[in-house]
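In: can you look at this prediction? I've put the sequence above it.
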Amino acid sequence: MSDLNLGKTKTTPSIEFNGATGKLIIAGESYPENSAEFYKPVFGWLNNYMEMKREIEFSFKLTYFNTSSSKSILDIIEVLENYHQTGGKVSLNWYFEEEDDDIEDSGIEFTSDLTLPCKLIPY
């Protein structure tokens, strides 16, 4: 499985998906003009990777995201939760700066009803 690497821009986060290790990270700020279009490759890569029934470690390390991006983030988390509920091995890490209550609160809200293993990690 090939990797997916998208460099960070002023309005979009970096995306690093390693096909060999199953480690995926989205980091930075996310407020693209068209969030659904920006995150489309993420869903394509995830769906292809999950077909191989391999373990996934997904990390969000966002410092800011807008409402449109939050919808895409929630959709990604839903895909991961569905994978977990159908027997896939998956874990979710939500990183937040220690002083950033908004990102921490979003992580709590986004993960509170999940059955997949989640960690909220201050840095």
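Out: Structure received.
In: distance of the residue with the largest distance to the centre of the chain relative to Lys8?
Out: Note on the chain: the largest C-alpha distance from the chain mean falls to Glu99, namely 21.0 Å (C-alpha atoms, centre = their mean). According to C-beta to C-beta, to the nearest Å, Glu99 stands 22 Å off from Lys8. Backbone N, C-alpha and C define where each C-beta goes, glycine included.
In: note down every partner strand of the longest strand seen in the chain and its orientation.
Out: Ranked by residue count, the top strand of the chain under DSSP state E comes out as strand 56-65. Strand pairing for strand 56-65, using DSSP bridges, gives strand 23-30 (parallel), strand 90-96 (parallel).
In: please point out which parts of it sit buried.
Out: 56-62, 65 (16 or more other C-beta atoms under 10 Å).
In: restricting to C-alpha, output it in PDB.
Out: Provided in PDB are the C-alpha atoms of strand 56-65 (Å, rounded to 0.1, in the frame of the first residue of the first chain):
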ATOM      1  CA  ILE A  56      -4.500   1.500  12.200                       C
ATOM      2  CA  GLU A  57      -3.100   4.100  14.600                       C
ATOM      3  CA  PHE A  58      -4.800   7.400  13.700                       C
ATOM      4  CA  SER A  59      -3.600  10.700  15.300                       C
ATOM      5  CA  PHE A  60      -5.000  14.100  15.200                       C
ATOM      6  CA  LYS A  61      -2.700  16.900  16.200                       C
ATOM      7  CA  LEU A  62      -4.700  19.900  15.100                       C
ATOM      8  CA  THR A  63      -4.100  23.400  16.500                       C
ATOM      9  CA  TYR A  64      -7.200  24.900  14.900                       C
ATOM     10  CA  PHE A  65     -10.100  23.800  12.700                       C
END
